[in-house]
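Just to be clear, the model below is a prediction. Sequence and coordinates:
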Amino acid sequence: MILNFEKKEVWFVVGSQKLYGKEVLEKVNQNAMKIAQALHDSNSISIVYKSVVTATEEITSTIKKANYDDNCIGLIVWMHTFSPGKMWINGLKLLQKPLLHLHTQFNQEIPWGEIDMNFMNLNQSAHGGREFGHACARVGVKRKVVVGYWEDQEVLSAVEAWSRVALAYMDSQTMRIARFGDNMREVSVTEGDKVSAQLQFGYRVDGYGLGDLVAYIDQVTLAEITDLIRIYNGVYTIDNDLKSENNFSLIGAARIELGLKAFLENGGFTAFTTTFENLTGLKQLPGIAVQQLMAAGYGFGAEGDWKTAALVRSMKVMSLGLPGGSSFMEDYTYHFADAGSKVLGAHMLEICPTISNGLRTIECHPLGIGGKEDPVRIVFDIAAGDALNASVVSSGDSFKLLVNSVTVELPEKPMPNLPVARGLWVPHPDLNTAARLWIEEGGSHHTCFSQNVTITMLQDFAMMMDIDCRVIGW
Ligand code: MN
């Protein structure tokens, strides 16, 4: 439910002018419909053709409507013909939605034998798009420019990826983050200016005492717990130690998951943070609860890390329906080796099972930290393959996005004494360089790890959010 965006749509608007007469504009309209259909058919988000706009008032009114339509997540604008830039300035000044400028031409090739001035006047994207680009640059509109023939897969894929990011951008404008407790007491990177973050990203961070959550946990019924444990059984392998009918630990963990979920649903939250230094009223640190909720689409950050929780949520939105997953993550320990040094990534418990290699076991072990009962967690290895780590870094009222591409490898040997979700990766271009650059940039030890969000998507995201994006690797 928290990843339901069925009504969201991207508007496709075509620029022209009245100069050409009704007949040409009707042809522009017909061609625009065909392009919009092709974009729609290749996109996970609905692309809705709006109209050909030919005058300042019409352009301004279309942009005003886009701004105030909650289902409109962005605009794709294309110039079939020439559309003087001054007609766009007043509208572009008001634009509050993500913009993609599609620089394409309806006709793929020059019809050598037949080409005449009528053809030239109809197919003027080459200079019409430049005039529009100039207007955008003069107004200072942040926008993505995609160039190429509209039927090419590369163009369709670029529009699709941008649409996903626009969805995450819009989701961030209404995001509410529940912060249980404060942050881990003396940690610096999890702090930040929440007012500046709301100005930049739109999301709100609201603090709660653990008692507020415990009130929900106390209301969970045994019937609900039984149903949830049945779901655990269907999705995961449950360790034999937890299989007895009245296992206290598993029942306690399921109770926390149900209470936490009810709290988040009731408040309209799509992300949350916890901290093991403040667990008053909880019998164990939320492990499987956090893992399950992340898998359902909630953003999460441990130790009060609301910036990371927000980015995990945004990644969940932009990668909706794609194979692979995204998770809260931490660079935990190193394996220095001549043949490629690696990072062992994990957290105490809270890694999302969507990034697993398929074998996932529910287990309960002592934690050695937090001073509570042994917490239940899902244990797995992260699937091998290409991935990335990203982090939003704040310094006062400014933010930047750091990204490092990595290649995940399976562990060289079993690690029987480390019953947590974990993964080993080689950062690009290599560990020494990547870690040095990350540290020099002031990057967090917490990251968002993703197998299905690309560097380009994160660059588009940073552009929409109006923050810098630094990429380490490739
Ligand atoms: Mn941590």
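Now that the structure is in, tell me what you want to look at. Residues are numbered from 1 along each chain as shown.

make it CA atoms for all contacts and neighbour counts henceforth
OK.

contact partners of the helix or strand encompassing Ile89?
Assessed by DSSP states H and E, Ile89 sits inside helix 86-94. Contacts to helix 86-94, defined as CA atoms under 8 Å, 6 or more residues apart in numbering, come from residues 55-56, 59-61, 63-64, 132, 135-136, 139, 141.

for stretch 346-361, same thing?
236-239, 287-288, 290-292, 294-295, 302, 324-332, 367, 377-384, 420-423, 450-451.

Can you tell me which of those are buried?
236, 238, 287-288, 290-292, 294-295, 302, 324-332, 367, 377-384, 420-423, 450-451 (16 or more other CA atoms under 10 Å).

Show me the residues you listed that map onto strands.
Counting by DSSP state E, these place 238, 326-332, 377-379, 422-423, 450 in strands.

Does anything pack onto the next helix or strand after the helix holding Ile89? Which helices or strands?
Using DSSP H and E, the helix or strand that directly follows helix 86-94 along the chain is strand 99-103. Other elements packing on strand 99-103 under the criterion 3 or more CA pairs under 8 Å, 6 or more residues apart in numbering; DSSP states H and E are strand 72-79, helix 125-139, strand 143-147.

of all the ones you listed, which gets the most neighbours per residue?
strand 72-79 (a mean of 25; mean count of other CA atoms under 10 Å).

Show me how far that strand is from its chain's centre.
Per CA atoms, centre = their mean, to the nearest Å, the displacement of strand 72-79 from the mean C-alpha position of its chain is 20 Å.

Note down every partner strand of that strand and its orientation.
strand 9-15 (parallel), strand 99-103 (parallel) (DSSP bridges).

Now distance to Arg176 and mean pLDDT too, for those, in a markdown table please.
Listed next are the strands paired with strand 72-79 as a markdown table, based on distance: least, CA to CA, whole Å; pLDDT from 0 to 100:
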| stretch | distance to Arg176 | mean pLDDT |
| --- | --- | --- |
| strand 9-15 | 22 | 98 |
| strand 99-103 | 24 | 98 |
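
Leaving out chain neighbours, which residue sits closest to Leu410?
Leaving aside its sequence neighbours, Leu410 sits nearest to Ala384 (CA to CA, 6 or more residues apart in numbering; 5.8 Å).

Could you pull up the contacting residues of that neighbour?
Neighbouring residues of Ala384 by CA under 8 Å, 6+ apart: 357, 407-410.

Distance of the closest residue to Glu131 other than its chain neighbours relative to His134?
Among residues not flanking Glu131 along the chain, Gly85 sits closest, at 5.7 Å (CA to CA, 6+ apart). Separation of Gly85 from His134 (CA to CA, to the nearest Å): 7 Å.

count of residues packed around Asn247?
Residues lying near Asn247 (other CA atoms under 10 Å) number 11.

Quick check: phi and psi at it.
phi -60, psi 120 (degrees, to the nearest 10).

check contacts around the closest residue to Gln17 other than its chain neighbours.
The shortest distance from Gln17 to any non-neighbouring residue, by CA to CA, 6+ apart, is to Thr54 (4.0 Å). Contact analysis of Thr54 by CA under 8 Å, 6+ apart lists 15-18, 83.

Mind doing that once more with 6 Å?
Listed by CA atoms under 6 Å, 6 or more residues apart in numbering, the contact set of Thr54 reads 16-18.

again, but for Pro366
Asp374.

Quick check, pLDDT for it.
For Pro366, the model assigns a pLDDT of 91.

Residue ranges in the stretch 201-350 of the chain under the pLDDT threshold?
Residues of the stretch 201-350 of the chain meeting the criterion pLDDT under 70: none.

can you give me the strands for it?
204-208, 237-238, 271-273, 299-301, 326-335, 342-346 (DSSP state E, counting those that start in this stretch).

strands paired with the shortest one, and their directions?
Put plainly, it is strand 237-238. Here, using DSSP bridges, strand 237-238 pairs with strand 361-364 (parallel).

For Leu260, which of the strands paired with strand 72-79 is the nearest?
Of all the strands paired with strand 72-79, it is strand 9-15 that lies closest to Leu260, at 31.1 Å by CA to CA.

Report the buried residues of the helix or strand following the closest one.
Counting by DSSP H and E, the next helix or strand C-terminal to strand 9-15 is helix 22-41. The neighbour-count check on helix 22-41 (16+ other CA under 10 Å) flags 24-25, 28-29, 31-33, 35-37, 39-40 as buried.

Dump helix 22-41 to PDB, keeping only the CA atoms.
The C-alpha trace of helix 22-41 is given here as PDB (Å, rounded to 0.1, in the frame of the first residue of the first chain):
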ATOM      1  CA  LYS A  22      -4.400  25.100 -38.500                       C
ATOM      2  CA  GLU A  23      -3.400  22.300 -40.900                       C
ATOM      3  CA  VAL A  24       0.200  22.100 -39.700                       C
ATOM      4  CA  LEU A  25      -0.900  22.400 -36.000                       C
ATOM      5  CA  GLU A  26      -3.300  19.400 -36.500                       C
ATOM      6  CA  LYS A  27      -0.400  17.400 -38.000                       C
ATOM      7  CA  VAL A  28       1.700  18.400 -35.000                       C
ATOM      8  CA  ASN A  29      -1.100  17.300 -32.700                       C
ATOM      9  CA  GLN A  30      -1.400  13.900 -34.400                       C
ATOM     10  CA  ASN A  31       2.400  13.200 -34.300                       C
ATOM     11  CA  ALA A  32       2.500  14.300 -30.700                       C
ATOM     12  CA  MET A  33      -0.100  11.700 -29.800                       C
ATOM     13  CA  LYS A  34       2.000   9.000 -31.400                       C
ATOM     14  CA  ILE A  35       5.100  10.000 -29.500                       C
ATOM     15  CA  ALA A  36       3.100  10.200 -26.200                       C
ATOM     16  CA  GLN A  37       1.700   6.700 -26.800                       C
ATOM     17  CA  ALA A  38       5.200   5.300 -27.500                       C
ATOM     18  CA  LEU A  39       6.500   6.900 -24.300                       C
ATOM     19  CA  HIS A  40       3.500   5.700 -22.300                       C
ATOM     20  CA  ASP A  41       3.900   2.100 -23.600                       C
END
